[in-house]
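**Q** what shape does this take:
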Amino acid sequence: MEQMLHLLHRCGLPVEDVDFINCDGKTMNKLLQEEDYVAWVCDQDAYACSGQKCSTQSLLFMHENWASTSLVSKLKGLAKRRKLEDLTMDPFLTFTTESMLDHMKQLLEIPCSKLLFGGKPLEGHSIPSIYGAIKPTAIYVSLEEIVKDKNYELVTKEIFGPFQEIIGRLVNGTTYAGLRARTTGAPKNHWFGPFGDPRGAGIGTPEAIKLVWSCHREVIYDFGPVPNRWEIPPST
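**A** Numbering: from 1, shown residues only. Got it, this is the predicted structure:
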């Protein structure tokens, strides 16, 4: 069927006339009905622990057909539930609020980019200024602009914070596969510690390198349908 579509395109069929997903009808039906679940997974992967995890969702590649749904507005609604009071939002150690907002400003200078939600400092707290404290933030950047040399390094800069660019699918850390493949749950063989002291962490040290790379690597499959009558759970 895919080759047939290529032939039709060569014969003049407009490429935007047909969307082809290589799956069976049962899987397609699930894809059409899981919008709330997809939004919840994206929120958890991008903003749980304020994005301070090695498999955080920093880029979300979204097909234009998904852009015409309510996915982004649902992501915004889920992000707004997060707050300091219940620790579903917290400060982060790797960037200050000022540097994070400066990074956002640079992204918004890219043509056609736009702030989807967030982009403001957290309010009503006593978090020291040496730490970061901003609301969960998402910025749209077009794929055409990302691949330009002058923008690529900026867009792909790693940010350990509640910050993502909405573009498309993420593959990061351990390989996750399956209908409901997700990104959270990176290998347990590396760890973080406070104070900015490398002795409080296990990344880049000889011990951490031996532990991470001397064990077998995992491909994790996420089997099983979304339960009937599934509802979005509280933020964590």
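**Q** all strands of this protein, in order?
**A** 59-61, 114-117, 137-140, 163-167, 175-177, 219-221 (DSSP state E).
**Q** for the longest one, packing partners?
**A** It stands for strand 163-167. Counting contacts by 3 or more CB pairs under 8 Å, 6 or more residues apart in numbering; DSSP states H and E, strand 163-167 packs against strand 59-61, helix 97-108, strand 137-140. All C-beta spots, glycine's among them, are computed from the backbone N, C-alpha and C.
**Q** make it 10 Å
**A** helix 35-47, strand 59-61, helix 71-80, helix 97-108, strand 114-117, strand 137-140, helix 143-146, helix 149-155 (3 or more CB pairs under 10 Å, 6 or more residues apart in numbering; DSSP states H and E).
**Q** make a markdown table out of those and add mean pLDDT, distance to residue 1 and mean neighbour count.
**A** Shown next, in a markdown table, are those (pLDDT from 0 to 100; distance: least, CB to CB, whole Å; neighbours: other CB atoms under 10 Å):
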| stretch | mean pLDDT | distance to residue 1 | mean neighbour count |
| --- | --- | --- | --- |
| helix 35-47 | 86 | 25 | 20 |
| strand 59-61 | 81 | 23 | 18 |
| helix 71-80 | 92 | 27 | 18 |
| helix 97-108 | 92 | 39 | 16 |
| strand 114-117 | 92 | 35 | 16 |
| strand 137-140 | 91 | 32 | 22 |
| helix 143-146 | 84 | 26 | 14 |
| helix 149-155 | 89 | 34 | 13 |
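**Q** ok, now how distant is residue 114 from residue 106?
**A** Distance of residue 114 to residue 106, computed by CB to CB, to the nearest Å: 14 Å.
**Q** what do you get for residue 77?
**A** Taking CB to CB, one finds residue 77 at 27 Å from residue 106.
**Q** thought residue 121 was touching residue 97?
**A** Yes. Residue 121 is within contact range of residue 97, at 5.1 Å (criterion: CB atoms under 10 Å).
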